[in-house]
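In: Quick one, what's the 3D model for this:
(one chain, ligands or ions: 2)
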Amino acid sequence: MSTFPSMKEKNHTSSVHFSQVRGKRDKSFNSIFESELSKNRIVKRTAKHPEKTKKLTPQDITPILTDFIRKPEIRNLATERGLSAQQLRTSFVRFRSFCLNVKELPVELEIILNDILVGAAHPDDLFGQFMDFAMKIYPHLHCREELSRICDLRDPSAWYPQARAIGRKIIYHAGPTNSGKTYHALKKFMTANASVYCGPLKMLATEVFQKMRDQNIECDLATGDDRIYSNPSGERSSRLSCTVEMAPLQENFDVAVIDEIQLLQDNQRGWAWSRALLGISAKEVHVCGEAAAVPLVKNLLATAGETVEVQEYKRLTGLRVEDSALISLENVMPGDCLVCFSKRDLFTVTKSLENLGHRVAVIYGSLPPGAKLIQCQKFNDENDECNVMVATDAIGMGLNLNIRRIIFVSLKKVELNSDGKRSFESISVSQALQIAGRAGRYGTQYSEGCVTTLNARDLNTLKAMLSSLPQPAEKAGLYPTAEQIEMFSYHLPDSSLQSILEIFTDLCQMDDSLYFMCNIESFMYLAEKMDSIPLPLRARYVFCCSPVNIKDNIVITTLLRMARQFSKNKVMDGNWLTNQMQWPPQVPSSISDLAQLESLHDVFDLYLWLSLRFTQQFQETDKVRQMKTVLDSVIVEGLTKLSQLMSNENDENFASARVAQVPRGSFAQNLVQSGAITPEVLDKLKSEWAKEQINHAKDK
Ligand SMILES: Nc1ncnc2c1ncn2[C@@H]1O[C@H](COP(=O)(O)OP(=O)(O)OP(=O)(O)O)[C@@H](O)[C@H]1O
Ligand SMILES: [Mg+2]
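Out: Ligands and ions are numbered 1, 2, ... in the order given. Alright, predicted model coming up:
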């Protein structure tokens, strides 16, 4: 588990004053300690004769401290007192620096050092002083047991007594994509008296909500930034479609559906599935997902004394891997969906297809849901000219699209390593299966789905992937709750939220065979950014949980402004919001303009997300929703002329901030190295450039 040493250092360096901590020594512990280590030793404490102390030089102190820290007994005792190896190192470095640099050593410390120097005491006798110092850096050591109890995450099933009291029946709909899992679970959802659907995406929650509306079945919608009641009076109806993070655990249902359950192993969001799975209060819980997650779900629920009934499904339509790769974009046909793993590949392929005369629908992760929906509708509409789609893996989950053939432009995805470098990694079997599963959806015009790759060299790899089973799900994600953080803060009133979370993740205990702690990087980043804004803890926690992309400067800057306004108890209305941005939006004329509009959209989503949590300060939700609709249409207009946007894009911006302007050959290599485009797309571009040059020569 990470100990976030660098942040710890930054937080605490300046606040340590040795003289302040002398009074807080743990006498009983030290007396035991001293009696242990002082056995068989004559201690002639200079303390009785303070006049005998001499002014100590660094040459006197350094060997004593070196002796002290080298001793295994010291390390063992520090561990017993709760210091991790990293904390011990940090504490010692600072203790040493303090002893060597302070103008005047505290009297007691000076006496002990003097005693050690003259052989009247042992280096071990420094332990008490050292621990006092360490405890000032790591205040949680004072109340370690209490804190350990709060962050004991070994039995999450016990956190939900309401769900435990029901005696739930759990049905797992297991099977490959397009096998009718969600369909069957939704049938139960529709016919139950009170039910909830928990989906992985806003789009899927909205699709279910819309389906119910179309059939005149009462249903509400709850996503992170939206709440729609089907009852005009604003009263809750007995049916709710929501994103999994919004699953209401305090309500009782007859039926709950938790879709795409295998995502409980997701690094960022897995906690939301774990929470819903263990905590939803429903007589019948229908979970849908890959068969690979069945053993984990069974093991998790066994800790709650619950058993799982598994219903297995088979694909409803055939899925055939073609014998040859597409080779050239000229071979693209209606009903094809080209899947890329970067936005830049997506734009490059789209431009090439538009140049070939295709009308293209595009879907990628950061595209606002409204715009995504319009792109899906255009593509699904048999009468629309747009019959080719280019998408990132954002289409990989549960969506029903009229796709005949999936073409993988590449099988590699850019991953950010822990050292911040980018590298190309193969996509997982599960991702390949999910994406391929979008072809030939049951109920569409295509009774069979086809899959292939753009490049011949990828085809065998794809075949191997699609004939494998996804890796079994190993562990489910967990995340500290607001209540746990609040209780921590009660014990550590002077600590920043960041430190509280560091200590929490450091101390928390969980069953490692079933659970892992979800990534808290985004939370920590925001906590650091908000450190200087005076906010109550609960509000600070909420702001830090905001679903924002921490790499998006526009969104982060606005979030901080919002937090500052909030801290001054100021209301933020639509005008305030538009003053923070360029409004009204202009139709984009380059890819960077388009990206800016997407950021504005995220800002609106952020406002609406906060409005559900702080109703007083964020009141103008209707106005913001209207502005979002305006923005959606401007973004969609931009998408219709992607090729033009790409042509207008400054190469430097488009490639990456890190790529300097260089001649074409090395520029292309740089694009690949920086992860801007994949080698596969570079190959295609090269052959296109070659063709262009031949044509150009012919024209001449
Ligand atoms: N028995 C059925 N009758 C009519 N339509 C069905 C039936 N079963 C499934 N479908 C339709 O087939 C499509 C695929 O089904 P569904 O979405 O339930 O698959 P899934 O197994 O959940 O796939 P994924 O893993 O991709 O989420 C949907 O449009 C669904 O409405
Ligand atoms: Mg499904």
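In: element containing H173, please.
Out: Following DSSP states H and E, one finds H173 within strand 169-174.
In: The most centrally placed residue in the chain and I520, how far apart?
Out: The centroid of the chain falls nearest to Q268 when counting by C-alpha atoms, centre = their mean (3.1 Å). As judged by C-beta to C-beta, to the nearest Å, Q268 and I520 stand 9 Å apart. (Each C-beta comes from the backbone N, C-alpha and C, glycine too.)
In: Which residues outside the strand holding H173 are in contact with it?
Out: Strand 169-174 is contacted by residues 181-182, 184-185, 261, 283-291, 294, 297, 301, 306-313 when judged by C-beta atoms under 8 Å, 6 or more residues apart in numbering.
In: go with 6 Å
Out: Strand 169-174 has contacts (C-beta atoms under 6 Å, 6 or more residues apart in numbering) with 181, 184-185, 284-288, 291, 294, 306, 308-312.
In: Same question for stretch 247-267.
Out: 182, 185, 188-189, 192-200, 270, 273-274, 276, 279-290, 293, 473, 476, 519.
In: Among the residues you listed, which are located in strands?
Out: 195-199, 281-289, 476 (DSSP state E).
In: Of all the residues in stretch 458-471, which ones are buried?
Out: Residues of stretch 458-471 classed as buried by neighbour count (16 or more other C-beta atoms under 10 Å): D458, L459, L462, K463, M465, L466, P470.
In: Same check on stretch 318-332?
Out: Buried-residue list, stretch 318-332, by 16+ other C-beta under 10 Å: L319, V321, A325, L326, L329, V332.
In: which of those sit farthest apart?
Out: L319 and L329 (22.8 Å; C-beta to C-beta).
In: Now, of the contacts of strand 169-174, which are buried?
Out: By 16+ other C-beta under 10 Å, these give K181, H184, A185, E284, V285, H286, V287, C288, A291, V294, E306, V308 as buried.
In: contacts with ligand 1 among those, please.
Out: Contacts with ligand 1 within these, as defined by C-beta under 6 Å from any ligand atom: K181, C288.
In: all helices for the stretch 501-650 of the chain, in order.
Out: 521-529, 537-544, 553-567, 574-579, 591-611, 621-639, 642-648 (DSSP state H, counting those that start in this stretch).
In: so can I have TSV of these showing distance to Q445 and mean neighbour count?
Out: Listed next are these as TSV, based on distance: least, C-beta to C-beta, whole Å; neighbours: other C-beta atoms under 10 Å:
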stretch	distance to Q445	mean neighbour count
helix 521-529	41	18
helix 537-544	46	20
helix 553-567	39	18
helix 574-579	43	16
helix 591-611	31	22
helix 621-639	24	18
helix 642-648	26	17
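In: Chain neighbours aside, what residue packs nearest to the closest residue to ligand 1 within the stretch 401-550 of the chain?
Out: Closest approach between the stretch 401-550 of the chain and ligand 1, counting by C-beta to the nearest ligand atom: Y442, at 3.5 Å. Take Y442 and drop its neighbours on the chain: the residue closest to it by C-beta to C-beta, 6 or more residues apart in numbering is L316, 3.8 Å away.
In: Give the full set of residues in contact with that neighbour.
Out: So L316 contacts N178, G180, Y442 (C-beta under 6 Å, 6+ apart).
In: Spell out which parts of the stretch 51-200 of the chain neighbour ligand 2.
Out: T182 (C-beta under 5 Å from the ion).
In: Going along the chain, name the helices of the stretch 51-200 of the chain.
Out: 58-70, 72-80, 85-101, 107-117, 127-137, 144-150, 161-166, 181-191.
In: ok, of these, where does mean pLDDT dip lowest?
Out: Of all the helices of the stretch 51-200 of the chain, mean pLDDT reaches its minimum on helix 144-150 (a mean of 82).
In: sorry, back to before: ok, and for the strand holding H173, which residues are buried?
Out: Quick answer for strand 169-174 (16+ other C-beta under 10 Å): I170, I171, Y172, H173, A174.
In: partners of it, with directions?
Out: Strand 169-174 pairs in its sheet with strand 281-289 (parallel), strand 308-312 (parallel), by DSSP bridges.
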